[in-house]
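Colleague: Any chance you can model this:
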Amino acid sequence: MTQIMPEERLTREETADAQLSGLQHTLAYVHEKIGFYRRIFNEHGIKPQEITSLDHVARLPFTQKSDLVKNYPYGLCAVQPSQIIRVHASSGTTGKPINTYYTQRDQENWRKCMGRNLRIAGVTEDDVCQIAFRYTLFTGAFGHHLGAESCGAMVIPTSAGQTERQIMMMQDLKTTVLHCTPSYAVLLTEKLKELGIDRGSLSLRLGIHGAEPMSEEMRKHVEEGLGVTALRDYGLTELGGPGVSMECPHKTGFHINEDYFYPEIIDPKTLDPLPPGQVGELVFTSLRKEAMPLIRYRTRDISHLMYETCACGRTLVRHGPILGRSDDMLIVGGVNFFPSQLESVLLGFAETAPHYAIYLNKKGALDEVSSDVEAAADFWSEAGEDIRNQLAGRIEAKIKDLLGFRIKVKLVAPNSIARSEGKSRRVFDNR
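Modeller: Reported below is the predicted structural model:
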């Protein structure tokens, strides 16, 4: 267990005082520096100096991804381009990327947040960290790289891909911590089996995974396949990338760096704040960002907040697992569900592999949902068609019990669903 720093065990009163100070500074700063915020503050009758309590946060207007798109490229920047030392981006919906910018101070704060996150996960100066996120415009690899160096660990910046070479480096350099997407961790477990390499021959002890959802069932699959403790991190490009929150080994929620990001949970329909424990949409306000602070940014991620002290001893507020995204929620025949709910069912069967695809189509005026699910190699080679159909029927029954409607399940051969070294595409909506 790594050492808990003083700022990770403040009282709620001490944390609130620090957050209010950061909030008041940020509101005055964006009002002065960013025309977009000055305009919408005026439209809502907001004067930064009148925000004298964290209870007043609910008066502030929201920022949404569409605002970043409309103000591309520099419209939400509080600094001149000459002060920016780094740009990262994610794909946008209009062909233009969603950019985030860093000053020298932002870069140092990102390093501090990621360093804290990795220490929360258990990374120390004795570790060898293999960064198998893609080193591209995306934030993931660079954030994890900064954090691992901050911990004093050795960093191997392999990026994603060249899986056999990844495994060779794990063996030769005694990698102890693997940083990658959950789907790439699964791909690595399959490659180990294919090459006949015993996971016990590796020095891996910890996996840190982000950039896409990882259900508890997928976590178990990764842990068993790689012989690691698999922990999830959380962040968004819009907020500066990974570094917002991190699970500790107790796996009872994601510790939020709440001295850098003020968290809320709102009802995604009414937009009203919800009390601790209730499930809703995560909203964050930047408290120390210099280049591009965001006020009440709607993440669209569905979770809840927990303010109790964690078993690890940290008092940082935690959010629960991301249950889905309000904008990724699928509506079929008037019933709402998230792909992650289906994943939990599919991965609960030992006879299936953690690879699937969901297809949505129209049949006349009705919605129709089906899913291709890869069978485990041993099951596929040994089971006849009748046994496979029985398994598909059991999966369908389990899904209906959970969701209340039927999804047609088709078992497919091993390796027939496309693999991804980055984020995996699971849903194909053809309606």
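Colleague: in the lengthiest helix in the chain, what's buried?
Modeller: The longest helix of the chain (DSSP state H) is helix 12-33. Residues of helix 12-33 classed as buried under the neighbour-count rule (16 or more other CB atoms under 10 Å) are T15, Q19, L20, G22, L23, T26, L27, Y29, V30, H31. The way it works is simple: take the backbone N, C-alpha and C, and place the C-beta from them, glycine included.
Colleague: now swap in stretch 401-418 and tell me
Modeller: Buried, per 16+ other CB under 10 Å, within stretch 401-418: L403, I407, V409, L411, V412, P414, I417.
Colleague: measure it end to end?
Modeller: Separation of the first and last residues of stretch 401-418 by CA to CA, to the nearest Å is 29 Å.
Colleague: Let me see the mean pLDDT of it.
Modeller: Stretch 401-418 comes out with an average pLDDT of 88.
Colleague: so what's the residue nearest the centre of the chain up against?
Modeller: Central residue of the chain (CA atoms, centre = their mean): Y234, 3.9 Å from the mean position. Shown in contact with Y234 (CB atoms under 8 Å, 6 or more residues apart in numbering): G210, P242, V244, S245, M246, F254, H319, I322.
Colleague: Most neighbours of all those residues, which one?
Modeller: Greatest neighbour count in the contacts of Y234, by other CB atoms under 10 Å, goes to P242: 30 neighbours.
Colleague: can you confirm that one is in a strand?
Modeller: Yes. Applying DSSP: H, G, I helix; E, B strand; the rest coil, one finds P242 inside a strand.
Colleague: Not counting sequence-adjacent ones, nearest residue to it?
Modeller: G235 (3.7 Å; CB to CB, 6 or more residues apart in numbering).
Colleague: likewise S416?
Modeller: Per CB to CB, 6+ apart, closest to S416 is E374, 6.5 Å.
Colleague: same deal with L403?
Modeller: Per CB to CB, 6+ apart, closest to L403 is F337, 5.1 Å.
Colleague: Surely the one you found is in contact with I407?
Modeller: No. Between F337 and I407 there is no contact under CB atoms under 8 Å: 9.4 Å.
Colleague: hmm, back to that, out of the buried residues of helix 12-33, who's nearest E194?
Modeller: T15 (48.5 Å; CB to CB).
Colleague: Could I get the pLDDT score of the closest one?
Modeller: Reported pLDDT for T15: 98.
Colleague: Now do the buried residues in stretch 312-321.
Modeller: Going by neighbour count (16+ other CB under 10 Å), the buried part of stretch 312-321 is C312, R314, T315, L316, V317, R318, H319, G320, P321.
Colleague: which residues sit in contact with the fifth one?
Modeller: Neighbouring residues of V317 by CB under 8 Å, 6+ apart: T15, H255, I256, E258, P263, L305, M306, Y307.
Colleague: Recalculate using a threshold of 6 Å.
Modeller: Contacts for V317 (CB atoms under 6 Å, 6 or more residues apart in numbering) come out as I256, E258, L305, Y307.
Colleague: picking up where we left off before, JSON lines for the buried residues of helix 12-33, including distance to L360?
Modeller: Output for the buried residues of helix 12-33, formatted as JSON lines (distance: CB to CB, whole Å):
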{"residue": "T15", "distance to L360": "43"}
{"residue": "Q19", "distance to L360": "41"}
{"residue": "L20", "distance to L360": "45"}
{"residue": "G22", "distance to L360": "43"}
{"residue": "L23", "distance to L360": "41"}
{"residue": "T26", "distance to L360": "41"}
{"residue": "L27", "distance to L360": "42"}
{"residue": "Y29", "distance to L360": "44"}
{"residue": "V30", "distance to L360": "40"}
{"residue": "H31", "distance to L360": "44"}
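Colleague: What is the nearest of those residues to L188?
Modeller: Among the buried residues of helix 12-33, T15 lies closest to L188 (CB to CB), at 38.3 Å.
Colleague: Determine the three-state secondary structure at the closest residue to that closest one other than its chain neighbours.
Modeller: Residue nearest to T15 in three dimensions, not counting chain neighbours: E258, with 6.3 Å by CB to CB, 6+ apart. At E258 the chain is in coil, as set by three-state DSSP.
Colleague: tell me the pLDDT at E258?
Modeller: The model's pLDDT for E258 equals 97.
Colleague: Counting neighbours, what do you get for it?
Modeller: Neighbour count for E258, taken as other CB under 10 Å: 24.
Colleague: Show me the domain layout of this structure.
Modeller: 1-325, 330-429 (automatic domain parsing).
Colleague: Highest mean neighbour count across the ones you listed, which stretch is it?
Modeller: With neighbours defined as mean count of other CB atoms under 10 Å, these peak in mean count at domain 1-325, which reaches a mean of 19.
Colleague: related to what we said a few turns ago, and the two most separated of the buried residues of stretch 401-418?
Modeller: L403 and P414 (26.3 Å).
Colleague: Grab the nearest non-local neighbour of V373.
Modeller: Nearest residue to V373, sequence neighbours excluded (CB to CB, 6+ apart): Y356, at 4.8 Å.
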